[in-house]
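>>> below: sequence and its predicted model.
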Amino acid sequence: MENSENPQYDSKGRLIKVGRDLRHIAFIMDGNGRWAQRRGYPREKGHTEGTKAFERAVRYCGEIGLEVMTVYAFSTENWKRPEREVRKIMGLLEKYLDKLLEKASEYEVKVRFIGERKALSQRIRDKISLAEDLTSGYHRVLNIALNYGGRAEITSAVNRLISAGRRTVSEDDISGALYTSGLPDPDLIVRTAGERRLSNFLLWQSAYSEFYYTDTLWPDMDETEIQKAIDDYYNRTRRFGAVR
């Protein structure tokens, strides 16, 4: 995908294309439950609205030319939530997979699920494999972190290298053994709902990421809110440990 060096805006200040130095945005989608509770709804209603915000974000990031988008959909710790809420999240995941399998050509994005799949139902695992196969020809990438934990990912990567007979490893070796192998590290990590922590998300890959925190709850995230994060990113100077 060819991007200009700088971001492009229209006459009203709306972002048209990201610049070449913004390739990957990762979202920690927080606040679904609080969104519902503030409105007197069950927490499950917040997850339903959160899927709508997720689809808006996928569409918008594609429109502005972003190469890679990663979302934190379900962590290894989220199994501790109430069983009813977990069932709702998994049900919404299945609905999204069904929609993706039916309308993959409209999304035009390569879907990759990152995380440990063994804890998922066989039906969901089968649909994940179908979705990945069906979308494998697209250039733009959507990573969905499902039953994901950053520490578990690093541990798994190291164990794979040990199993391959490696006695010593380099940073490149570990990067190549992660779920995100072959992809650029996130340039920008956006967390919603006012929380200011990583919560075991992309621990290795975020070493030099820029962070943007917003009080906006995930179901309320739209194109305007995402552009605010991107504008903030472009007002920073990234040094990667050097002096400019």
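The structure has been received and is ready for your questions. Residues are numbered from 1 along each chain as shown.
>>> so which residue of this protein lies furthest out from the middle?
R167 (32.5 Å; C-alpha atoms, centre = their mean).
>>> how close does that residue get to R81?
Note on R167: its distance to R81, by C-beta to C-beta, to the nearest Å, is 41 Å. In this view, the C-beta of every residue, glycine as well, is placed from N, C-alpha and C.
>>> and for T224?
30 Å.
>>> who has more neighbours, these two?
Counting neighbours by other C-beta atoms under 10 Å for T224 and for R81 shows that R81 has the greater number, 15 against 11.
>>> so who does that one touch?
Counting by C-beta atoms under 8 Å, 6 or more residues apart in numbering, R81 makes contact with nothing.
>>> so the residue farthest from the centre of the chain, which of the three states?
Following DSSP: H, G, I helix; E, B strand; the rest coil, the label given to R167 is coil.
>>> just the pLDDT for it.
What the model reports as pLDDT for R167 is 91.
>>> how far away is it from W204?
21 Å.
>>> kindly report the same for A104.
Per C-beta to C-beta, A104 is found 30 Å from W204.
>>> check H24 too.
Computed as C-beta to C-beta, the H24 to W204 distance reads 14 Å.
>>> who's more crowded, these two?
Taking other C-beta under 10 Å, H24 and W204 do not tie; H24 has more neighbours (23 against 16).
>>> from the middle of its chain, how far away would the helix or strand bottoming out on mean pLDDT in the chain be?
Counting by mean pLDDT, DSSP states H and E, the weakest-scoring helix or strand in the chain turns out to be helix 104-107, with a mean of 80. Offset of helix 104-107 from its chain centre (C-alpha atoms, centre = their mean, to the nearest Å): 18 Å.
>>> what's the answer for stretch 69-80, then?
That offset, for stretch 69-80, works out to 10 Å (C-alpha atoms, centre = their mean).
>>> contacts for that stretch?
With contacts defined as C-beta under 8 Å, 6+ apart, stretch 69-80 is touched by 24-29, 54, 57-58, 61, 86, 89, 93, 109, 114-116, 119, 140-149, 152, 180, 186, 199-202.
>>> quick one: mean pLDDT over the helix or strand containing E153.
Secondary structure from DSSP states H and E places E153 in helix 150-163. Helix 150-163 comes out with an average pLDDT of 97.
>>> CA atoms only for it, dumped as PDB, please.
Taking C-alpha atoms only, helix 150-163 is exported to PDB below (Å, rounded to 0.1, in the frame of the first residue of the first chain):
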ATOM      1  CA  GLY A 150       1.300 -11.100  26.400                       C
ATOM      2  CA  ARG A 151       3.300 -13.100  28.900                       C
ATOM      3  CA  ALA A 152       1.800 -16.300  27.600                       C
ATOM      4  CA  GLU A 153       2.700 -15.300  24.000                       C
ATOM      5  CA  ILE A 154       6.400 -14.600  24.900                       C
ATOM      6  CA  THR A 155       6.600 -17.900  26.900                       C
ATOM      7  CA  SER A 156       5.100 -19.800  24.000                       C
ATOM      8  CA  ALA A 157       7.600 -18.200  21.600                       C
ATOM      9  CA  VAL A 158      10.600 -19.100  23.700                       C
ATOM     10  CA  ASN A 159       9.400 -22.700  24.100                       C
ATOM     11  CA  ARG A 160       8.900 -23.000  20.400                       C
ATOM     12  CA  LEU A 161      12.500 -21.900  19.900                       C
ATOM     13  CA  ILE A 162      13.700 -24.300  22.500                       C
ATOM     14  CA  SER A 163      11.800 -27.200  20.900                       C
END
